[in-house]
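J.: Mind looking at a prediction? Sequence and model below.
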Amino acid sequence: MNARSVRGAVAVAATLCSLAGVAACNVQSDSDSDTAADASAGASSAAQAKDLKVGWSTIYLTPSWMQQTLKMLQTDVDKLKSSGKVSAFETFNANGDTSQQIAQIRAMIQQKYDVILVDAGSSTALNPALEQAVAAGITVVAFDSLPTSTKVIRVGTDQKAWGSMMATWLAKKLDGKGSVIAMNGPAGVAVSEDRWSGAEAVFKKYPDIKIVSNVHSEYNLAPAAQAFASAYSAHSDIDGVFSQGGALSAAALQTLVKQDKKLVPITGENYNGFLKLWQSKRKEGFSSIATAQPNYLSVIALEAAIAKREGASVPQDITVPLPEITDDNLTQYAKPDQPDDSYPINDISQSEIDKLIGK
């Protein structure tokens, strides 16, 4: 997700993007006009919380989770447009480049956006740009992958609790001993690092559990399958797999099934391809636990931004509860009629959102 080193050409392009504005910034827009809400920049009262110009800066848009998130966010934007609260909405895709994401945020500052939503490619690198936006009177709300800045509103789940939940289940399933392959997300990404931190703290309590390979992969099936296959070829006698993402879990389970190997316990996420395969292998004794990073984090973030513009006392940190998917309630989540790369999740009610954002 994060680029560890940025080629000179990319850095120049990102700078030009910041200066040139939206057109050069990998923007997806739902409006041909970007001027309707300029007059409302910096507004904070209820009377001014209308015709808002909203931008979403995401580190990348390729994964199916991001596409589903955009669809859910767009639905909420349409509702807010009909009520007159939002007039324009655009998505800025940084294509995995933190420098480009920073440039895009600064472009939104220059173009006087009222609200900036952020899915951060780095927990620290974006802080100066985000704080510059706040100083300019822009309401900034981060969700999913969060920055460390205390100047912005942050909406997320407890990622360390996520890793702890998965690792605790796996450790107990293995009776406290065995060899494990760990499947983590991209190195340096806050979500991935926090999930592993939570898991690692649990595994340290079980000295007889050995992490024989710690793999980093994009949260996509193809690279995850390649990464797991390489690790598994060197450690085919494993007793379990700690996986912190649904596509990673699906890749691991698919590999074992295709190679007709023992179906060891694998932790997971609400990635439908994994849920369906898990369900189909229950009769063969396969067992798992999964949770979810709900796509509706984006909706909560937007609703929090609107509430803030209307003068509500919105918490700086909004922690959304993690669902728990088990062998017992799996049928409530697995959707045979939906694509493998979807993330089935129950809707969140407006009353639940209002409670979370302090309305």
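T.: Sure thing, it's come through.
J.: pLDDT below threshold where in the chain?
T.: The chain contains residues with pLDDT under 70 at 1-49.
J.: At the geometric centre of it, which residue sits there?
T.: Central residue of the chain (Cα atoms, centre = their mean): residue 144, 4.1 Å from the mean position.
J.: excluding its backbone neighbours, what's nearest that one?
T.: Nearest residue to residue 144 in three dimensions, chain neighbours excluded: residue 119, at 4.7 Å (Cβ to Cβ, 6 or more residues apart in numbering). Every residue, glycine included, has its C-beta placed from N, CA and C.
J.: I'd say the one you found and residue 147 touch.
T.: No - under the criterion of Cβ atoms under 8 Å, residue 119 makes no contact with residue 147, lying 10.1 Å away.
J.: Pull up the overlap in contacts between these two.
T.: Residues touching both residue 119 and residue 147 (Cβ atoms under 8 Å, 6 or more residues apart in numbering): none.
J.: Distance-wise, check the residue nearest to the centre of the chain relative to residue 307.
T.: 19 Å (Cβ to Cβ, to the nearest Å).
J.: Over to residue 344?
T.: Separation of residue 344 from residue 307 (Cβ to Cβ) stands at 28 Å.
J.: try residue 79
T.: Distance, residue 79 to residue 307, by Cβ to Cβ: 15 Å.
J.: hang on, the earlier thing: okay, and the beta partners of the residue nearest to residue 144?
T.: Beta-bridge partners recorded for residue 119 (DSSP bridges): residue 58.
J.: residues contacting it?
T.: 56, 57, 58, 59, 66, 142, 143, 144, 145.
J.: what do you get for residue 250?
T.: By Cβ under 8 Å, 6+ apart, residue 250 lies in contact with 221, 224, 268, 271, 273, 274, 277, 340.
J.: my guess is residue 139 meets residue 113, correct?
T.: No - look at residue 139 against residue 113 with Cβ under 8 Å: they stay out of range, at 9.2 Å.
J.: Just give me the neighbour total for residue 313.
T.: Around residue 313 there are 9 other residues, counting by other Cβ atoms under 10 Å.
J.: Just the residues contacting stretch 126-140, thanks.
T.: By Cβ under 8 Å, 6+ apart, stretch 126-140 touches 41-44, 98, 101-102, 105-106, 108-109, 112-116, 118, 120, 142, 147-149, 151-153, 305, 308-309.
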